[in-house]
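Visitor: sequence? don't have it. structure:
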């Protein structure tokens with residue numbers, strides 16, 4: 001695995017090393033010792049989640065407040081998504097800035113989204129299977145979110161707005177400047 005810090009250094013793009021031959025391929029999708037060396041601290045992933053969505057579905061931008069905040073390691077098993085991490089650490093020099101990465105079944109890239117970031121993705125392919133490991137359990141009473149179309153965030157979701165579909169809950173998320181629920 002090769003670890004590539006992004007423009008916000010705490011977010012890391014992980015590119016696997018594929019061993020390919022006429023039978024197919026093999027790759028390590030996670031190796032704790034390499035991972036912890038790359039991020040600089042110990043982590044214990046305790047839950048893995050998977051979702052399937054069709055083209056244009058946008059999930060996010062979500063996060064959980066402490067003490068239930070989560071580090072996430074995300075990847076796409078099938079299809080293609082644009083993955084987004086927004087820095088919501090109020091004392092960070094990159095507060096309100098974001099990182100994007102296309103994750104798909106061909107490049108097999110993963111993105112590490114640390115605590116203190118809102119996370120979301122939009123499906124670019126006809127469908128996508130998205131997987132993510134987290135180091136804290138889902139806590140609905142501590143779950144928050146930010147509007148995907150917050151103009152101050154200026155996220156280019158690639159798809160035109162009329163092709164994006166949100167859950168009813170995500171349609172009601174506030175802009176970053178309209179909440180104080182961040183780190």
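Guide: Noted; the coordinates are in hand. What you are looking at is a predicted structure, and each value in this text was computed from that prediction instead of being measured.

Visitor: going forward, measure contacts between C-alpha atoms and count neighbours the same way
Guide: OK.

Visitor: which residues does residue 81 bridge with?
Guide: With DSSP bridges as the criterion, residue 81 is bridged to residue 103, residue 123.

Visitor: ok, now the one 4 residues further on?
Guide: Residue 85 has these beta-bridge partners by DSSP bridges: residue 99, residue 119.

Visitor: can you tell me how far the most centrally placed residue in the chain sits from residue 2?
Guide: In the chain, the residue lying closest to the centroid (C-alpha atoms, centre = their mean) is residue 119, at 4.6 Å. Separation of residue 119 from residue 2 (C-alpha to C-alpha, to the nearest Å): 22 Å.

Visitor: What count of nearby residues applies to residue 117?
Guide: Neighbours of residue 117 under the rule other C-alpha atoms under 10 Å: 29.

Visitor: Could you do residue 100 as well?
Guide: Residue 100 has 20 neighbours, counted by other C-alpha under 10 Å.

Visitor: While we're on the residue nearest to the centre of the chain, how confident is the model there?
Guide: The predicted structure scores residue 119 at 98 on the pLDDT scale.

Visitor: what does residue 85 give?
Guide: According to the prediction, residue 85 has pLDDT 98.

Visitor: Which strand or helix spans the nearest residue to residue 120 once chain neighbours are set aside?
Guide: Distances taken as C-alpha to C-alpha, 6 or more residues apart in numbering put residue 60 closest to residue 120, at 4.0 Å, once the chain neighbours are dropped. Using DSSP states H and E, residue 60 falls within strand 58-64.
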